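Participant: sequence plus the predicted model coming up.
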Amino acid sequence: MLFFLQLFSHRFCLDSRIYLYTVSCLLLVQFTGAPVFADPLEVPSSADALRVQMTSVEQKPESETAAMPSDTNNETAEAQQQLQLQLEQLYFETEDKIGGEPIYTAGYLLDLYRKNQFSLLWDNPKSIVQLLKAIHASADDGLTPEDYHLEALIRYGHDVAGGASVQKQVEYDLLLSDAMLLLAHHKRDGKVDPRKVEDKKNLEPATPRPWPADAYLTAIKGGTVQAVLDKFSPHHPSYLNLKKALHDYRQFAARSVWQQIPGGQSLKPGMTDPRVTLIRNRLAVTGELAGRSLDSTFFDHQLETAVKVFQTRHHLEPDGIIGKATLRAMNITAAERIDQIRANLERTRWVVNDLPHSSLIVDIAGFMLQYYHNNEMIWTSKVMVGRPYHQTPVFRSAVTYLVLNPTWTPTPDIVKNETVPSIINDPEYLAKQRLRVLDSSGNEIDPETIPWRQYYGKVLPYTLRQDPGRDNSLGLIKFLFPNPYHVYLHDTPSKFLFGRTQRAFSHGCIRVQNPMELARLMLANDPGNPTTVKKIDQILASGKTTTVILKQPLPVYLMYLTTNVQDGQVLFKPDLYNRDEGVVAALNAPPSPLSLTVQLPETKAGLSLSGQQVRTGKNVRYVQNESRKGAESSGQEAL
């Protein structure tokens with residue numbers, strides 16, 4: 001077969017490589033506690049066997065490896081040829097696996113090995129051990145070590161240490177590189193494409209970053225793989241707190257520490273019931289109840305206090321009564337909570353590495369809004385979000401302007417499904433709600449001239465508009481940010497609903513409990529904005545609809561997080577929109593391949609690479625570019 005890349009002369013000692021691989025694998029044996037393999041096919045079958053704790057590796061002195069047989073040049077050339085053959089098969093789609101293992105980063109591998117003159121990379125045993133250790137530790141992030149060829153790498157390492165063929169060494173090298181690149185991507189941006197879960201109303205992917213091929217090459221050769229992977233891992237306190245929560249709940253699951261509590265009548269303070277003992281033990285495990293008098297069947301004041309703490313942590317009404325909702329939350333297993341935490345670690349990865357110093361964070365499932373300025377939370381407020389059948393979408397944007405004394409124009413869906421039926425049932429409805437009817441030219445129409453029953457269940461050919469005022473559905477202010485869902489933050493006249501624990505009452509927009517506080521803070525932190533606090537008060541008093549444009553747009557993130565940690569306590573929120581299951585399923589599924597655009601030169605025969613006709617592959621897109629010589633990465637989507 002015609003090889004599609006020029007062979008490069010790169011001298012290295014194959015025997016030295018075998019020695020280094022042997023050192024690496026023996027170190028794995030030593031630090032994992034696995035037996036030395038008597039049978040060549042006997043390899044660890046589970047990632048649980050891998051407990052690498054190595055921090056340094058001594059390499060063999062150069063004096064012992066300097067003199068090598070002269071035929072190693074031939075072996076070097078053979079390794080390069082095998083490597084190019086594997087890449088050719090991957091990129092022209094004749095193969096998408098190596099040794100039965102799927103390859104996920106084909107475009108990146110092409111560019112990485114091109115920059116290394118298509119020579120093998122993994123000479124340094126430190127790098128191999130660090131990568132295997134990082135793969136095993138990926139479980140601490142809620143990821144799946146098997147996604148990164150863990151067992152295959154251990155098996156290949158054993159084979160190579162025993163003097164495997166050049167082809168095996170090439171396959172091992174490619175699998176190591178694929179594992180590292182995929183793990184780095186998953187740590188930094190998440191494994192799951194947020195657009196493919198939660199009804200496609202989600203966060204767009206982060207802006208593509210430059211593809212740091214040189215940094216990867218330096219790390220692999222220099223034994224600093226762990227440092228590079230650590231750099232890509234989130235270090236935000238919210239993420240680290242979730243990692244600790246995952247560790248704690250895995251310990252709970254391993255010990256099978258709480259039993260299911262039978263149903264029955266609601267339990268109230270002062271009652272005696274055999275289930276109280278189970279409840280005491282359940283609350284003792286997660287720290288709501290001090291570990292004394294756990295055998296008592298009496299529901300005393302101490303237990304009532306513990307139940308209220310549990311209810312608060314699980315976003316339930318803190319009434320101290322163990323009803324159906326509280327009992328259901330107590331009976332959720334540690335394994336189910338583990339999946340919930342994993343889903344939220346993934347959601348956090350989608351955005352945490354791109355969070356600006358100042359932003360608004362809408363916690364949809366927690367019904368809260370937080371304002372961060374210079375990496376400090378300076379303000380928080382309760383919010384209301386969309387009902388389950390009017391879900392608030394998840395996305396990122398930036399607040400660009402505010403409107404004081406806004407009018408309200410109900411959407412066509414609201415008019416069709418709610419307003420018109422209300423008008424038919426109550427002819428005075430429009431007057432009570434201060435809604436005016438306007439034609440397409442903005443002229444007001446007498447509502448009594450409209451045959452409302454004719455438009456029942458249909459689109460109304462008129463616009464309804466509510467004038468400004470405290471009873472306006474948007475209250476006294478709204479905060480606008482570009483998005484395709486027509487969602488924004490706003491005030492509300494229905495302040496009493498903020499007293500509820502569950503606050504899913506809107507059509508998708510976010511109602512803010514203290515919006516004027518937010519407006520004043522935003523303008524105070526918007527340098528050069530001429531609208532002062534005093535002017536805000538004057539505008540509100542005038543009743544005139546006024547737009548205030550921000551000099552510096554404020555990023556806003558609408559996030560759906562059903563778990564977070566606050567003041568050291570793990571908080572679990574109801575999965576209001578039933579979205580956790582989809583994220584967990586995607587986390588448990590095989591990874592998706594990552595794509596990269598590769599540019600190739602034009603020849604008389606068309607686009608080619610060393611004479612081979614190029615066709616578009618599913619992982620690599622080939623782009624014509626006459627000005628470049630050789631395959632060139634354009635960084636269309638960087639790791």
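Facilitator: That came in fine, so what should we check first? Keep in mind it's a predicted model, so treat the numbers as computed, not measured. Numbers count the residues shown, from 1 in each chain.
Participant: this protein - how does it break down into domains?
Facilitator: As assigned by automatic domain parsing, the chain contains the domains 14-62+70-233+595-633, 261-330, 356-565.
Participant: okay, these in JSON lines with mean neighbour count and mean pLDDT next?
Facilitator: Placement of C-beta: from N, CA and C, glycine included. Putting the domains of the chain into JSON lines (neighbours: other Cβ atoms under 10 Å; pLDDT from 0 to 100) gives the following:
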{"stretch": "domain 14-62+70-233+595-633", "mean neighbour count": "18", "mean pLDDT": "73"}
{"stretch": "domain 261-330", "mean neighbour count": "17", "mean pLDDT": "95"}
{"stretch": "domain 356-565", "mean neighbour count": "17", "mean pLDDT": "95"}
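Participant: would you turn those domains into JSON lines with distance to residue 579?
Facilitator: As requested, the domains of the chain are exported to JSON lines (distance: least, Cβ to Cβ, whole Å):
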{"stretch": "domain 14-62+70-233+595-633", "distance to residue 579": "5"}
{"stretch": "domain 261-330", "distance to residue 579": "15"}
{"stretch": "domain 356-565", "distance to residue 579": "6"}
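Participant: so which of these gets nearest residue 251?
Facilitator: domain 261-330 (10.2 Å; Cβ to Cβ).
Participant: what's the first-to-last distance across that closest one?
Facilitator: 8 Å (Cα to Cα, to the nearest Å).
Participant: that domain: how far from the chain's middle?
Facilitator: 34 Å (Cα atoms, centre = their mean, to the nearest Å).
Participant: next one: stretch 456-471
Facilitator: Worked out by Cα atoms, centre = their mean, stretch 456-471 lies 39 Å from the chain centre.
Participant: scan the chain for its longest strand.
Facilitator: strand 546-559 (DSSP state E).
Participant: paired strands for that strand, with orientation please.
Facilitator: Strand pairing for strand 546-559, using DSSP bridges, gives strand 359-363 (parallel), strand 395-404 (antiparallel).
Participant: how about those in TSV, adding distance to residue 78?
Facilitator: Listed next are the strands paired with strand 546-559 as TSV, based on distance: least, Cβ to Cβ, whole Å:
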stretch	distance to residue 78
strand 359-363	54
strand 395-404	50
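Participant: looking at the ones you listed, which is closest to residue 413?
Facilitator: Of those, the one closest to residue 413 (Cβ to Cβ) turns out to be strand 395-404, at 19.5 Å.
Participant: list of residues touching the closest one?
Facilitator: 201-204, 351, 360, 476-483, 485, 489, 519, 522, 536, 539-540, 545-550, 553-558 (Cβ atoms under 8 Å, 6 or more residues apart in numbering).
Participant: quick one: distance of that strand to the chain centre.
Facilitator: 23 Å.
Participant: state the helix or strand in which residue 422 lies.
Facilitator: Assigned by DSSP states H and E, residue 422 belongs to helix 420-425.
Participant: give me the helices and strands touching that helix, please.
Facilitator: Other helices and strands packing on helix 420-425, by 3 or more Cβ pairs under 8 Å, 6 or more residues apart in numbering; DSSP states H and E, are helix 429-432.
Participant: other SSEs contacting the helix it packs on?
Facilitator: By 3+ Cβ pairs under 8 Å, 6+ apart, helix 429-432 packs against helix 420-425, strand 435-438.
Participant: pull the CA atoms of that helix into PDB?
Facilitator: Provided in PDB are the C-alpha atoms of helix 429-432 (Å, rounded to 0.1, in the frame of the first residue of the first chain):
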ATOM      1  CA  TYR A 429     -60.900  40.300  32.100                       C
ATOM      2  CA  LEU A 430     -59.100  42.700  29.800                       C
ATOM      3  CA  ALA A 431     -60.100  45.700  32.000                       C
ATOM      4  CA  LYS A 432     -59.100  43.900  35.200                       C
END
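Participant: the helices in the stretch 201-350 of the chain, which residues?
Facilitator: Applying DSSP state H, counting those that start in this stretch to the stretch 201-350 of the chain gives helices spanning 213-222, 225-232, 237-255, 275-285, 301-313, 324-330, 334-351.
Participant: and the angle for the third one with helix 275-285?
Facilitator: Helix 237-255 and helix 275-285 meet at an angle of 130 degrees, taking axes from the mean of the first three to the mean of the last three Cα atoms, to 10 degrees as the criterion.
Participant: so which residues make contact with helix 237-255?
Facilitator: 140-142, 234, 258, 285-286, 333-335, 337-338, 341-342, 344-345, 348-349, 352, 563-565, 570.
Participant: what does the shortest one give?
Facilitator: Residues outside helix 324-330 that contact it (Cβ under 8 Å, 6+ apart): 258, 261, 263, 266, 279, 282-283, 307, 310-311, 314, 316-317, 322, 572.
Participant: now the strands for the stretch 101-250 of the chain?
Facilitator: For the stretch 101-250 of the chain, the strands defined by DSSP state E, counting those that start in this stretch occupy 101-102.
Participant: now the helices of the stretch 201-350 of the chain as JSON lines including distance to residue 124?
Facilitator: Listed next are those as JSON lines, based on distance: least, Cβ to Cβ, whole Å:
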{"stretch": "helix 213-222", "distance to residue 124": "6"}
{"stretch": "helix 225-232", "distance to residue 124": "9"}
{"stretch": "helix 237-255", "distance to residue 124": "28"}
{"stretch": "helix 275-285", "distance to residue 124": "45"}
{"stretch": "helix 301-313", "distance to residue 124": "47"}
{"stretch": "helix 324-330", "distance to residue 124": "50"}
{"stretch": "helix 334-351", "distance to residue 124": "28"}
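Participant: select, out of the ones you listed, the one closest to residue 449.
Facilitator: Checking the helices of the stretch 201-350 of the chain against residue 449 by Cβ to Cβ gives helix 324-330 as the closest, at 49.9 Å.
Participant: quick check on residue 371: phi, psi?
Facilitator: The phi and psi values for residue 371, taken as degrees, to the nearest 10, are phi -110, psi 120.
Participant: what's the closest non-adjacent residue to it?
Facilitator: Of all residues not flanking residue 371 in the chain, residue 379 sits nearest, at 4.1 Å (Cβ to Cβ, 6 or more residues apart in numbering).
Participant: next: residue 549.
Facilitator: Nearest one to residue 549, counting by Cβ to Cβ, 6+ apart, is residue 401 at 4.5 Å.
Participant: so the one you found bridges to which residues?
Facilitator: residue 480, residue 549.
Participant: sorry, back to before: ok now the helix holding residue 422, how far from the chain's centre?
Facilitator: 44 Å.
Participant: could you export that helix as CSV, CA atoms only?
Facilitator: Only the C-alpha atoms of helix 420-425 are listed here, as CSV (Å, rounded to 0.1, in the frame of the first residue of the first chain):
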residue,chain,number,x,y,z
VAL,A,420,-58.6,34.3,25.1
PRO,A,421,-60.3,31.5,27.2
SER,A,422,-60.2,33.9,30.2
ILE,A,423,-61.8,36.7,28.1
ILE,A,424,-64.6,34.3,27.0
ASN,A,425,-65.3,33.3,30.6
